[in-house]
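In: Here is my input; please provide its structure:
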Amino acid sequence: MTRCRLCGSEAMASVVDLGATPPCESFLAADQLDRPEPAFPLHLRVCTDCWLAQIPPLITPEETFTQYAYFSSYSTSWVEHARTFVTDAAARLGLDSVAKDAFVVEVASNDGYLLRHMVDRGIRCLGIEPSVNVGAAARDAGVPTLTEFLTPDTGSAVRAEHGPADLVVANNVYAHIPDVVGFTRGLRALVADDGWVSIEVQHLLTLIEENQYDTIYHEHFQYYTVASATRALASGGLALVDVELLPTHGGSIRLWARPAEVAGEPTGRVADVLDREKAAGLQELSGYTEFSARVATVRRDLLRFLIEAAERGETVVGYGAPGKGNTLLNHCGIRPDLLPYTVDRNPYKHGRFTPGTRIPILPPEQISTDRPDYVLVLPWNLRAELVEQLSFVHAWGGRLVFPIPELSIVEVAS
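Out: Numbers count the residues shown, from 1 in each chain. Okay, the predicted model is just below:
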């Protein structure tokens, strides 16, 4: 990477180099285990002109998202998060008004986890989802879904057929597109001239502060502060109006934007978060220089725990097979000798193997059968939900292990 994908600057500085790993969602079938597996550099850099953090676009969205292993509805807390958002957005924007005849579009709508709540409220909606398999699941659930990637042309075509959208939702996708300018123009093409765009994306501030380096993977092409997101939105004719800090994914921002012509002045919350980012040094190189050393500490602590547990004859298995977990497993060099398997609620992953590390993925019931001493929780961002879900390990004295932001071992109540 020689130029920033947002502003074109060549002033790119290294933040952390995680080596080379396979794409995090390229789970292997059993008949693929003896075949070569491609790996790509995973090196996070930051542009010191616009402060957009980014990795090189070495894989295309088409390679990742045409068939996708992640179904949002398998996370109970994420479905509830979506329901709450729909309720609040409907009240904030008056979407339930019969006179308004509102139209809502969600980009990267996955399996309809959010828009099904719009359908239940009788609000006209459309999902735009590039993954064939999860888009089909959304349609089966009664959510109108178009199988496409968002481009300016796609946005214009949807607007011409369905009319402009009063609300465009883009949750956990703004990091997933290498052409950030084109995607933002697509959002502007979709939204009404007096409409709203709501974007949720992981906050680089918490990623840095909480050592969340496992959320760096090839699907995530860029990592935003509010400052850099404001510049990205402006590239497509949108202006930031408000921001909310969310606990999702270890710390996210919800950006409320409007067409620049009607946006007006941003709220005080925008200024408050910008001040926090500046105080953390994220608009100067000093805010990024210690991150790599802290990442190395996370790796050493987790490996030390797994090796010492093995030497004591104790068993450790995994819970979850998220994309972030595959960054962690590959960076740490963890193989089945230290983690014989992990489990996942998604049946699509059962019988498959994690990319690179080739750890078997089994149904969740395997934990009760084997009664391990420790369960390493890979989707640490769902900590509260999973401490409750996995409370049954207390029956045999099992404990949970969370690797991020630092290694912690949790005794669970029955």
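
In: Can you tell me, leaving aside adjacent residues, what's nearest to the one residue sitting closest to the centre of the chain?
Out: With the centre of the chain defined as its mean C-alpha position, the nearest residue by Cα atoms, centre = their mean is residue 172, 5.0 Å away. By the measure of Cβ to Cβ, 6 or more residues apart in numbering, the closest residue to residue 172 outside its immediate chain neighbours is residue 200, 6.1 Å from it. Where C-beta positions appear, they are placed from N, C-alpha and C, glycine not excepted.

In: Same check on residue 316?
Out: Residue nearest to residue 316 in three dimensions, not counting chain neighbours: residue 374, with 4.4 Å by Cβ to Cβ, 6+ apart.

In: now the residue nearest to residue 172, which residues is it bridged with?
Out: Per DSSP bridges, the residues bridged to residue 200 are residue 171, residue 254.

In: Next SSE downstream of the helix or strand bottoming out on mean pLDDT in the chain?
Out: Taking all helices and strands of the chain together, the one with the lowest average confidence (mean pLDDT, DSSP states H and E) is helix 61-65, at a mean of 58. Per DSSP states H and E, helix 61-65 leads on to helix 76-93 as the next helix or strand towards the C-terminus.

In: How far off centre is that following helix?
Out: How far helix 76-93 lies from its chain's middle: 18 Å, per Cα atoms, centre = their mean, to the nearest Å.

In: can you map out the helices along the stretch 151-300 of the chain?
Out: 152-162, 180-190, 204-209, 226-234, 268-279, 291-311 (DSSP state H, counting those that start in this stretch).

In: separation between residue 168 and residue 147?
Out: Using Cβ to Cβ, to the nearest Å, residue 168 is found at 18 Å from residue 147.

In: Same drill for those two, tell me which one is more crowded.
Out: residue 168 (29 against 17; other Cβ atoms under 10 Å).

In: Surely that one touches residue 195?
Out: Yes - in this structure, residue 168 is within contact of residue 195 by Cβ atoms under 8 Å, at 7.0 Å.

In: if we can go back for a sec, ok, the residue nearest to the centre of the chain - contacts?
Out: Under the criterion of Cβ atoms under 8 Å, 6 or more residues apart in numbering, the contact list for residue 172 reads 108, 200-202, 249.

In: at 10 Å instead, please
Out: Shown here is residue 172, whose contacts under the criterion Cβ atoms under 10 Å, 6 or more residues apart in numbering are 70, 72, 78, 108, 110, 199-202, 219-220, 248-249, 252.

In: Now for the residues you listed: which two are most distant?
Out: The two members of the contacts of residue 172 with the most space between them (Cβ to Cβ) are 70 and 199, at 18.5 Å.

In: Which one's more surrounded, those two?
Out: Using other Cβ under 10 Å as the criterion, residue 70 and residue 199 rank with residue 199 on top: 28 against 21.

In: and the more buried one, how far is that from residue 328?
Out: Distance, residue 199 to residue 328, using Cβ to Cβ: 26 Å.

In: again with residue 124
Out: In terms of Cβ to Cβ, residue 124 sits 41 Å off from residue 328.

In: in the sheet, who's paired with residue 399?
Out: Residues in beta-bridge contact with residue 399 (DSSP bridges): residue 374, residue 411.

In: Which pLDDT value belongs to residue 25?
Out: In this prediction, residue 25 carries a pLDDT score of 86.

In: pLDDT below threshold where in the stretch 251-400 of the chain?
Out: The model of the stretch 251-400 of the chain has no residue with pLDDT under 70.

In: redo that, cut-off 90
Out: The stretch 251-400 of the chain contains residues with pLDDT under 90 at 346, 348, 381-382, 384-385.

In: Which stretches in it count as strands?
Out: In order along the chain, the stretch 251-400 of the chain carries the following strands (DSSP state E, counting those that start in this stretch): 252-259, 316-319, 342-343, 361-362, 374-377, 399-402.

In: And for the stretch 1-150 of the chain?
Out: Remark: strands of the stretch 1-150 of the chain, listed N- to C-terminal, are 12-21, 40-47, 53-54, 103-107, 124-128, 145-146; assignment by DSSP E, counting those that start in this stretch.

In: Okay then, goodbye and thanks.
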